[in-house]
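Asker: Turn this into a model:
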Amino acid sequence: MKIPSLLFGLALVAFGVTANAHALLQKSSPADNSVITTSPSNLVLNFSEAARLTALWIRKGEQPKQDLKPLPTTAAQQISVPLPPLTPGTYSVSWRLVSDDGHIMGGALHFTLAADHAIDHPTQH
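Answerer: Numbering: from 1, shown residues only. Predicted coordinates:
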């Protein structure tokens, strides 16, 4: 019975190492599902490990997606990319990246740019 327990333990350790081998988004600016009132000049993505972006897009509502460039050419845990001026609306940002360990991953985040007066001066009923 000791050998199956040992094998099970080794499998758990191997799974833990594999599960942590991917660059996962830890935080971003703008934050996922946030509502902001000022168009940000940069998108900042913080990953759990160094990664290299291979593609990055932004999309407002149902409009066509727009490539964000220039992308950094080296892997990093924190990646900052300039954003074009944004107008009020709901945005989706999606990306594809390669982790330092060679895994290809994708991800997305969403935020809303509200008109200043919509948040600062709510209408009273």
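
Asker: number of nearby residues for residue 111?
Answerer: Neighbour count of residue 111, defined by other CB atoms under 10 Å: 21. (C-beta placed from N, C-alpha, C; glycine too.)

Asker: what's the answer for the one 3 residues further on, then?
Answerer: Residue crowding around residue 114 was assessed by other CB under 10 Å; the count is 16.

Asker: got it, and residue 25?
Answerer: Neighbours of residue 25 (other CB under 10 Å): 17.

Asker: nearest spatial neighbour of it, skipping sequence neighbours?
Answerer: Counting by CB to CB, 6 or more residues apart in numbering, residue 25 lies nearest to residue 107, which is 5.4 Å off, once chain neighbours are set aside.

Asker: tell me which element that neighbour falls in.
Answerer: strand 104-113 (DSSP states H and E).

Asker: contact partners of that strand?
Answerer: 22-25, 28, 30-39, 51, 54, 86-99 (CB atoms under 8 Å, 6 or more residues apart in numbering).

Asker: can we see that at 7 Å?
Answerer: Applying CB atoms under 7 Å, 6 or more residues apart in numbering, the contact partners of strand 104-113 are 22-23, 25, 28, 30, 32-36, 39, 86, 88-99.

Asker: what are the ranges of the strands in this structure?
Answerer: Under the criterion DSSP state E, the chain carries strands at the ranges 25-29, 34-36, 42-60, 66-67, 76-82, 89-99, 104-113.

Asker: elements contacting the fourth one?
Answerer: In this structure, strand 66-67 packs against strand 42-60, with contacts taken as 3 or more CB pairs under 7 Å, 6 or more residues apart in numbering; DSSP states H and E.

Asker: what lines up beside the strand it packs on in the sheet?
Answerer: Sheet pairing for strand 42-60, assigned by DSSP bridges, gives strand 25-29 (antiparallel), strand 66-67 (antiparallel), strand 76-82 (antiparallel), strand 89-99 (antiparallel).

Asker: which stretch among the ones you listed comes nearest residue 60?
Answerer: Checking these against residue 60 by CB to CB gives strand 89-99 as the closest, at 4.7 Å.
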